[in-house]
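Participant: my questions concern the predicted model and sequence given below.
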Amino acid sequence: MLLSMLGDSTPVAILITHAHPDHIGALSEMRRALNVPLMAYRGDSTVKADRWLEDGDLVQVGDHTLGVYHTPGHTDDSVCYSVQGDNRVFVGDAIFEGGPGHTSSPGDFRVTLETLRGVILAWPDDTVCYPGHGASFRLGDKGPAVEAFLAQDHGDFFGDATWEM
Ligand SMILES: [Zn+2]
């Protein structure tokens with residue numbers, strides 16, 4: 001299915017947002033079919049990338065340049081890709097319309113809070129986030145809910161969070 005979605009475009013690289021199985025299920029097949037470099041953030045990643053990305057890297061893909069943001073919490077290898085000169089960001093599982101991505105420990109949840117505060121909320125309100133699951137959303141529309149979420153004491157919580165909890 002992914003191959004057919006490429007249409008008549010010319011793939012130049014595969015960039016992943018993190019190495020969870022539901023995000024890399026087709027990776028081996030796509031690498032074989034496309035024979036282009038795989039780019040990923042190292043962290044705790046289980047893949048072997050051709051290029052390990054760093055926070056702040058710029059990646060040229062055809063006419064576009066992507067900015068790399070390290071956004072740990074959901075996983076340590078989570079990154080978001082912003083389209084330079086545009087308002088779109090591919091956010092993987094770092095943030096969804098209804099809440100932040102799933103976390104597996106209280107420590108990971110605290111890292112998620114830091115990522116929301118220090119990285120994601122620093123983006124302009126007009127940023128349109130394209131998550132790995134569910135609908136895209138305008139960041140500014142979620143800003144007040146995220147701020148209210150960050151103002152709460154969540155104790156030793158981890159798992160699936162919603163802005164309203
Ligand atoms: Zn994930």
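Facilitator: Sure thing, it's come through. Numbers count the residues shown, from 1 in each chain.
Participant: so who does Ile24 touch?
Facilitator: Ile24 sits next to 16, 47 when contact means CB atoms under 8 Å, 6 or more residues apart in numbering. The C-beta positions use only the backbone N, C-alpha and C, and glycine is treated the same way.
Participant: sorry, that was for Ser45
Facilitator: So, once contact is read as CB under 8 Å, 6+ apart, Ser45 ends up touching 18-19, 77.
Participant: columns secondary structure on top of the residues you listed, output as TSV?
Facilitator: Converted to TSV, the contacts of Ser45 look like this (DSSP: H, G, I helix; E, B strand; the rest coil):
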residue	secondary structure
His18	coil
Ala19	coil
Asp77	coil
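Participant: starting from the biggest strand by length in the chain, tell me which strands it pairs with and how they run.
Facilitator: Secondary structure assigned by DSSP state E gives strand 64-70 as the longest strand of the chain. Here strand 64-70 is paired, per DSSP bridges, with strand 58-61 (antiparallel), strand 79-83 (antiparallel).
Participant: list the buried residues in the last one.
Facilitator: For strand 79-83, the neighbour count (16 or more other CB atoms under 10 Å) marks 79-83 as buried.
Participant: circling back to that earlier point, what's the mean pLDDT across the longest strand of the chain?
Facilitator: For strand 64-70, the mean pLDDT works out to 98.
Participant: can you give me the buried ones in that strand?
Facilitator: 66, 68-70.
Participant: got a list of contacts for it?
Facilitator: By CB under 8 Å, 6+ apart, strand 64-70 touches 15, 41, 43, 53-59, 78-86, 89, 119.
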